[in-house]
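J.: okay, sequence plus prediction incoming.
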Amino acid sequence: MPLKDSYLLPAAADMHVHLRNAPGPIAQLVTPTIRQAGVDVVFVMPNLAPRPVVSVDEALEYKRHLQAIDPEVTYLMSLYLHSSITPDEIRKAKKAGIAGVKAYPKGATTNSEWGVVSFEPFYEVLKAMEEEGIVLNLHGEAPCSAATDVTVMNAEIKFLPTLMDLVQRFPKLKIVLEHCTTADSVKTVRSFGKNVVGTITAHHLSLLVDDWSANVNNYCKPSAKTPQDRRALLDAVVNSNGKFFLGTDSAPHDITAKRGKGNTAAGVFTQPYALGYVLTALEEGIARSDIAADAVTEAALRGFLSEHGRAFYGVAPATRNVLLTRDGQTVAESFKGEGAEVVPFRAGEQTWSVEWQ
Ligand code: NCD
Ligand code: ZN
């Protein structure tokens with residue numbers, strides 16, 4: 001076997017999660033699965049519906065509800081970049097410990113209808129974020145449109161000029177290009193200084209376009225791309241240099257929203273088995289010769305899964321460890337709660353078990 005049969009690693013940090021409205025049926029179902037995966041810090045996305053999180057008070061109330069579900073997790077909270085946010089709200093956010101502001105290009109993904117059309121009206125807010133050290137989290141896709149020749153396959157590449165423009169205008173702003181899916185994004189993030197980093201999901205390390213075009217449970221935004229892109233993501237995990245860390249973008253949707261009459265909801269649910277999926281993807285990457293077996297060192301795993309994300313957000317290193325064991329559990333067919341049912345990624349497959357030490 002290219003990987004060891006077990007790993008003792010520091011508790012992981014997942015810097016991109018969707019927990020949905022709390023209190024609420026999906027939050028109730030998925031929040032308890034954070035620690036089951038070996039994670040104790042999460043960056044919580046603000047794209048709630050029917051109303052996104054646009055003020056500090058709303059973010060703090062949301063945090064209290066999540067803490068009521070699992071008080072052992074550290075929740076890094078975020079605001080949704082919106083015209084109602086002022087530079088003063090950013091200063092208030094800093095004092096309240098809010099970690100970031102997420103920008104969704106309008107129409108690019110789930111619950112992005114309140115999103116950004118142009119960044120220009122937000123320059124004063126971005127300046128305040130740069131001064132205060134509040135992170136700008138970017139959903140890095142141009143909205144799909146025949147008029148601009150953007151489809152799910154090139155939406156991320158078409159966004160990169162916007163990223164470059166933002167970095168140039170706000171050179172000290174801390175920026176995360178969320179859920180990188182292309183070799184071009186990896187290269188672009190690497191070309192900037194330490195203040196610009198990227199998150200990588202577990203599922204993009206194993207999926208290709210063919211996998212989601214045939215299965216709604218593998219469909220998300222940004223969508224998985226080509227073998228060359230996947231190779232670049234695997235390489236970014238093992239050669240991160242602090243520039244790339246885990247953000248699963250675990251995005252639970254009720255089974256009816258994935259398989260109902262209308263368009264399927266974008267989002268892959270990976271929360272309960274996040275670390276196992278990463279290890280499996282690395283192992284499959286080695287088997288395909290996408291990455292070298294000796295590149296998957298314990299230092300690389302610790303960095304990508306736990307250390308780099310905490311360091312970027314100024315969170316203390318993990319104080320507990322988790323033991324991951326090959327084939328120690330089977331991925332559930334679905335997670336069912338009061339009023340919600342969510343199907344996880346790789347349902348029914350063997351994965352790594354997690355024990356807190
Ligand atoms: C996310 C969601 O469901 O909220 N969906 C997704 O496909 N990733 C939103 C997002 O992060 O794009
Ligand atoms: Zn997301």
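T.: On my side now, so go ahead. Ligands and ions are numbered 1, 2, ... in the order given.
J.: please count neighbours and contacts with C-alpha atoms only from this point.
T.: Will do.
J.: quick one: Asp210 is in a helix?
T.: Yes. Under DSSP: H, G, I helix; E, B strand; the rest coil, Asp210 falls within a helix.
J.: number of residues surrounding it?
T.: By other C-alpha atoms under 10 Å, 12 other residues sit near Asp210.
J.: for the closest residue to Ser213 other than its chain neighbours, give me its contacts.
T.: Nearest residue to Ser213, sequence neighbours excluded (C-alpha to C-alpha, 6 or more residues apart in numbering): Tyr219, at 7.4 Å. Contact analysis of Tyr219 by C-alpha atoms under 8 Å, 6 or more residues apart in numbering lists 212-213, 266-268.
J.: filter those residues down to the buried ones, ChimeraX style.
T.: Entered in ChimeraX, the line below selects the buried ones among these, by 16 or more other C-alpha atoms under 10 Å:
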select :212,266,267,268
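J.: just the ones of the contacts of Tyr219 in helices?
T.: Judged by DSSP state H, these include 212-213 as members of helices.
J.: which residues of this structure lie near ligand 1?
T.: 18, 109-110, 220-221, 249, 251, 266-267 (C-alpha under 6 Å from any ligand atom).
J.: most neighbours among these, please name it.
T.: Among those, the one with the most neighbours (other C-alpha under 10 Å) is Asp249, at 28 neighbours.
J.: I'd guessed it sits against Phe43; true?
T.: No. If you go by C-alpha atoms under 8 Å, Asp249 and Phe43 don't touch, sitting 9.8 Å apart.
J.: overlap of the contact sets of these two?
T.: Shared contacts of Asp249 and Phe43 (C-alpha under 8 Å, 6+ apart): 16-17.
J.: tally of neighbours for the closest residue to Lys172 other than its chain neighbours?
T.: Take Lys172 and drop its neighbours on the chain: the residue closest to it by C-alpha to C-alpha, 6+ apart is Glu130, 6.0 Å away. By the criterion of other C-alpha under 10 Å, Glu130 has 18 neighbours.
J.: which helix or strand lies directly C-terminal to the helix or strand where Glu130 lies?
T.: Assessed by DSSP states H and E, Glu130 sits inside helix 123-132. Once the chain leaves helix 123-132, the next helix or strand it forms, by DSSP H and E, is strand 135-138.
J.: partners of that next one in the sheet?
T.: The strands that strand 135-138 pairs with in its sheet are strand 100-103 (parallel), strand 175-177 (parallel) (by DSSP bridges).
J.: for stretch 249-258, measure first residue to last.
T.: With C-alpha to C-alpha, to the nearest Å as the measure, stretch 249-258 spans 16 Å from end to end.
J.: which parts of the lengthiest strand in the chain are buried?
T.: Ranked by number of residues, the top strand in the chain under DSSP state E is strand 321-330. Judged by neighbour count (16+ other C-alpha under 10 Å), strand 321-330 contains these buried residues: 321-326, 329.
J.: closest one to Gly260 out of the residues you listed, please.
T.: Nearest to Gly260 among the buried residues of strand 321-330: Gln329, at 29.8 Å, using C-alpha to C-alpha.
J.: before we move on, the earlier item: so which bits of the helix holding Glu130 are buried?
T.: Quick answer for helix 123-132 (16+ other C-alpha under 10 Å): 125-130, 132.
J.: same deal with stretch 308-323?
T.: 308-310, 312-313, 317-318, 321-323.
J.: of those, which belong to strands?
T.: Among the buried residues of stretch 308-323, DSSP E puts 321-323 in strands.
J.: adding pLDDT, write these out as CSV.
T.: Listed next are those as CSV, based on pLDDT from 0 to 100:
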residue, pLDDT
Asn321, 98
Val322, 98
Leu323, 98
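J.: run through this protein and note the low-pLDDT ranges.
T.: 1 (pLDDT under 70).
J.: going along the chain, name the strands of the stretch 1-150 of the chain.
T.: 6-10, 12-17, 39-44, 74-76, 78-80, 100-103, 135-138 (DSSP state E, counting those that start in this stretch).
J.: any chance of those in a markdown table, with mean neighbour count too?
T.: Formatted as a markdown table, the strands of the stretch 1-150 of the chain follow (neighbours: other C-alpha atoms under 10 Å):
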| stretch | mean neighbour count |
| --- | --- |
| strand 6-10 | 19 |
| strand 12-17 | 27 |
| strand 39-44 | 24 |
| strand 74-76 | 20 |
| strand 78-80 | 28 |
| strand 100-103 | 26 |
| strand 135-138 | 23 |
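J.: make CSV from these and add distance to Glu283 to it.
T.: Below are the strands of the stretch 1-150 of the chain laid out as CSV (distance: least, C-alpha to C-alpha, whole Å):
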stretch, distance to Glu283
strand 6-10, 13
strand 12-17, 19
strand 39-44, 21
strand 74-76, 30
strand 78-80, 33
strand 100-103, 32
strand 135-138, 29
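J.: quick one: closest of those to Leu233.
T.: The closest of the strands of the stretch 1-150 of the chain to Leu233 is strand 12-17. By C-alpha to C-alpha, the value is 16.4 Å.
J.: what about the residue nearest to Asn218 when sequence neighbours are not counted, distance to Thr248?
T.: Leaving aside its sequence neighbours, Asn218 sits nearest to Trp212 (C-alpha to C-alpha, 6+ apart; 4.6 Å). According to C-alpha to C-alpha, Trp212 and Thr248 sit 17 Å apart.
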